[in-house]
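S.K.: Pasted the sequence and its predicted model underneath.
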Amino acid sequence: MCGISGIYLEKVEPKTINLLCKQMLELINHRGPDEKRIINHKSFSCGVVRLSIEAIHYGKQPIENDRYIIGFNGEIFNYKSLIKKYNFSSKIINCEIKLLLKLWELKHTKFVNEIKGQYAIFIFDKLNNEIYLFRDPYGIRPLFYYHEKNSLVFASEIKSIIRAVNNDFQVDVESLKQISMFWTNIGKQTSVKGISELEPGSCLVWKSGQVNSFKFYKEPLLEICNYNYSKTDAKKSFFSHLNNSVEKQLHGEVGFAIYLSGGIDSAAIAYILSKKSKKPLDTFSISFQDSDYDESEAQRQISKFLGTHHSEIKIKNSDISNNFSKVIDHCETLLFRTAPVPLFLLSKHVRNSGHKVVYTGEGADEMLLGYDIFFENRIRKFWSKDINSKYRGELLRRLYHYLPQFKNSRYFKIAKDFYKKTLKNDDNNFFYSHLVRWSQLKQIASYFNLPSSEILENKLIEKFKHTIPDGFSKVNGDVQAQYLEISTLLSNYLLSSQGDRMAMANSIESRYPYLDEDFVKYCSLIDPKIKAPIISSKKLLREAFKDKLPKNIISRPKVAYQAPEAKCFINNNFVSENAQDFIENMDKIDVINKKNFSNLIDKIKNPFSSQRLGFRENMAFIIGLSYFNLNNSIKKWQFKQ
């Protein structure tokens, strides 16, 4: 794992370019505190800060030969098997970076179809003055870029680019619009105007001042025409495929640990790892002082059952308010919830415990249908066939049994009436599964000076449509919903703001066995109704481990990981320093609707109305606060003469 950066500037002294590259790397030293190396060639300078995990003594980078310079961030899990496949000398090609250079010389851009892992790769062609950038299929590792005229700047984190470019960067209001609706940026959009993100599974080619990109990875979910596995075959084969996925990622010369969430996803990975570990597995988790968010009882039960060496941190509301600005500094984007903050503190604890590598259960919900939105989609479609049915809408109560508004009969009637308006799909809307979630835009937008919510919604949906692959319209509704979750919340939030950015802030590499390419392809060959029939979340996964884990962990319902939000910053007798600073400077933030936001803050302060604070109001407050903090971070990172 590493942090990478590169800069090509014409008509600028090489000495200056080298200095800028050094400054870029200094800002992301947390990504790779073990080693630093820079290579210069005329108008190009690039470098890597390295977190040494695999081939510790041989894997120094970047490297170069007579024609190419290459560096990367991440892991190539199949590099040893590729050395054997191509009969390369293992004495000469003895690490990932040397294998990548050799494959590049052999296959050029098609080399990326051979490698399996999580990565961001750069290659500079000295002869033709060309730069190539590659990013792994699900965007586990970040890669950003800025180009203007005959210059290109790229890095693992946005702050490095801002430091290198003499420009007045600002938070992009387009990002605020997208996050208010989709909960994340879409496509190449970032929260900093003028800076783009290389999309997952893509290659960028910079040549003669022009940037072009293409997708090299095709999502298997959209490529499969027929399901190959019967229910019986799927049950028999599932464990071995997941086991193989974990086995392939047991990669490196350092130890490993795992995050325990309390759910089946991480418990299953922990079970497999515990069988492969020669000593008790180290497990880590988050508990909350606020019992509404705490899952520590389930976490401890899993640890005790597996005999792990367990450690947890207890999060107080003040921990979230005190660390929120630091988290924005690392995630470099607008946030809609505070959930990354505890993960930032957890990775710090893991690092202090002596680890560099941690496994997580991320990706299981998307690949195996774990989220409520998948089943809500099924219920709405079923209900739409008989809108006046007294019973079909009642399925929502079974699905959302844990939500207060679905427990109370009066509030449930209001919820049912709301859902009833969303059932029709006469025009076969691409985004039917997510329209209920996205309808939050109207309320969120009211706290900001944005265009009419209806006009804005249509524009955002049209923009999103342009990112959707051709095969999307040909697959069933379950798969469409899966793809939308993968291409929005998974890649740009869960693997980024809650994933790489929080882990690497403390020099921790996270790994995701559920996102192994072979495992994803296997899952795509199984009918969604086998993976999760009716409203049974991840039933295939649960059945595969029913004889391996405690019964109540197997049957435990999906619990969304969340953290306390607005009340961490403001209550009737307390305003955090960060929130106070935000309130005092609200008048300077043009995009904020001062009247509506002030009313929201009053509601949060009020001990009675704050109890009725909804998800959307919490979301609006966190977006506004993160906008303020991100602007402050950008000013801090700005170019210095």
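M.R.: Perfect, I can see it now.
S.K.: Quick one: the strands in the stretch 351-500 of the chain, in order.
M.R.: Listed in chain order, the strands of the stretch 351-500 of the chain (DSSP state E, counting those that start in this stretch) span 357-359.
S.K.: Show me what the one helix or strand E617 maps to is packed against.
M.R.: Here E617 is covered by helix 615-637, with elements defined by DSSP states H and E. The contact analysis (3 or more CB pairs under 8 Å, 6 or more residues apart in numbering; DSSP states H and E) places helix 615-637 against helix 158-164, helix 173-182, helix 317-331, helix 441-445, helix 577-584, helix 594-605. C-beta coordinates here come from the backbone N, C-alpha and C atoms, glycine included.
S.K.: What is the second one packed up against?
M.R.: Pointing back at helix 173-182 there. Looks like helix 173-182 contacts helix 441-445, helix 453-465, helix 615-637 (3+ CB pairs under 8 Å, 6+ apart).
S.K.: just checking, L100 touches F111?
M.R.: Yes - counting by CB atoms under 8 Å, F111 is a contact partner of L100 at 7.3 Å.
S.K.: And the two? Which one has more around it.
M.R.: Using other CB atoms under 10 Å, the more surrounded residue of L100 and F111 is L100, with 27 against 21.
S.K.: who are the neighbours in contact with that one?
M.R.: 70, 72, 76, 111, 115, 121 (CB atoms under 8 Å, 6 or more residues apart in numbering).
S.K.: From G117, how far off is it?
M.R.: In this view, L100 and G117 are 10 Å apart by CB to CB, to the nearest Å.
S.K.: ditto for Q299
M.R.: When Q299 is compared with G117 (using CB to CB), they lie 29 Å apart.
S.K.: Give me the pLDDT for the spatially most central residue of the chain.
M.R.: Geometric centre of the chain, nearest residue: L495, 2.1 Å, by CA atoms, centre = their mean. If you check L495, the pLDDT there is 97.
S.K.: Could you verify my assumption that it touches Y138?
M.R.: Yes - L495 is within contact range of Y138, at 6.4 Å (criterion: CB under 8 Å).
S.K.: intersection of neighbour lists for the two?
M.R.: Y512.
S.K.: picking that back up, what residues are up against the residue nearest to the centre of the chain?
M.R.: L495 neighbours (CB under 8 Å, 6+ apart): 138-140, 362, 512.
S.K.: a markdown table please, covering these and showing neighbour count.
M.R.: Below are those laid out as a markdown table (neighbours: other CB atoms under 10 Å):
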| residue | neighbour count |
| --- | --- |
| Y138 | 24 |
| G139 | 26 |
| I140 | 27 |
| E362 | 25 |
| Y512 | 23 |
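S.K.: Farthest-apart pair in these, please.
M.R.: Greatest spacing in these, by CB to CB: G139 and E362 (12.1 Å).
S.K.: Centre of the chain to the lowest-mean-pLDDT helix or strand in the chain, how far?
M.R.: Within the chain, confidence by mean pLDDT, DSSP states H and E is lowest for helix 404-407 among all helices and strands, at a mean of 78. Centroid separation for helix 404-407 versus its chain: 30 Å, with CA atoms, centre = their mean, to the nearest Å.
S.K.: Now do it: which elements does it pack against?
M.R.: If you count contacts as 3+ CB pairs under 8 Å, 6+ apart, helix 404-407 packs onto helix 409-420.
S.K.: what touches both of L100 and G117?
M.R.: Common neighbours of L100 and G117 (CB under 8 Å, 6+ apart) are I76.
S.K.: coming back round to it: and the helices and strands packed on helix 173-182: which comes nearest W104?
M.R.: Using CB to CB, these put helix 615-637 closest to W104, at 31.9 Å.
S.K.: now the angle between helix 173-182 and that closest one, please.
M.R.: Computed with axes from the mean of the first three to the mean of the last three CA atoms, to 10 degrees, the direction of helix 615-637 lies at 150 degrees from that of helix 173-182.
S.K.: when you give positions from now on, start the count at 17
M.R.: Noted, 17 is the first residue going forward, which turns the last one into helix 631-653.
S.K.: Run the chain-centre distance for helix 631-653.
M.R.: 18 Å.
S.K.: Strands along the stretch 217-366 of the chain, start to end?
M.R.: For the stretch 217-366 of the chain, the strands defined by DSSP E, counting those that start in this stretch cover 218-223, 226-231, 273-275, 298-304, 325-331.
S.K.: and the gap between F391 and Q596?
M.R.: Distance, F391 to Q596, by CB to CB: 42 Å.
S.K.: Which one's more surrounded, those two?
M.R.: Ranked by neighbour count (other CB under 10 Å), F391 and Q596 place F391 first, with 24 against 13.
S.K.: wait, what's in contact with that one?
M.R.: 385, 415, 548, 550-551, 553 are the contacts of F391 under CB under 8 Å, 6+ apart.
S.K.: Thought S642 was touching A595, still the case?
M.R.: No - applying CB under 8 Å as the test, A595 and S642 come out as separate, 11.9 Å apart.
S.K.: Could you check which of those two has the larger neighbour count?
M.R.: Taking other CB under 10 Å, A595 and S642 do not tie; S642 has more neighbours (28 against 21).
S.K.: can I assume the more buried one is in contact with L351?
M.R.: Yes - with contact defined as CB under 8 Å, S642 reaches L351; the gap is 4.4 Å.
S.K.: any common contacting residues for the two?
M.R.: Joint contacts of S642 and L351 (CB under 8 Å, 6+ apart) are I344.
S.K.: Spit out the contact partners of N244.
M.R.: Neighbours of N244 in contact, by CB under 8 Å, 6+ apart: 541-542.
S.K.: what residue ranges in this structure are flagged as low confidence?
M.R.: 626, 655-657 (pLDDT under 70).
S.K.: Show me which of the contacts of L511 is closest to L98.
M.R.: Among these, I156 lies closest to L98 (CB to CB), at 19.3 Å.
S.K.: and that closest one, that's in a helix?
M.R.: No - assessed with DSSP: H, G, I helix; E, B strand; the rest coil, I156 is coil; it does not lie in a helix.
S.K.: Am I right that it is in contact with N89?
M.R.: No - shown here, I156 and N89 do not form a contact pair, counting by CB under 8 Å, at 10.0 Å.
S.K.: Confirm for me that I542 is in contact with S246.
M.R.: No - between I542 and S246 there is no contact under CB under 8 Å: 9.4 Å.
S.K.: More neighbours: which of those two?
M.R.: Each of I542 and S246 had its neighbours counted (other CB under 10 Å), and the higher figure belongs to I542 (23 against 12).
S.K.: Just list the residues touching that one, thanks.
M.R.: Neighbouring residues of I542 by CB under 8 Å, 6+ apart: 243-245, 250, 556.
S.K.: Over to L419: give its phi and psi.
M.R.: phi -90, psi 140 (degrees, to the nearest 10).
S.K.: Sorry, wrong one. I was asking about V187.
M.R.: Dihedral angles (degrees, to the nearest 10) for V187: phi -60, psi 140.
S.K.: Give me the neighbour count for it.
M.R.: 23.
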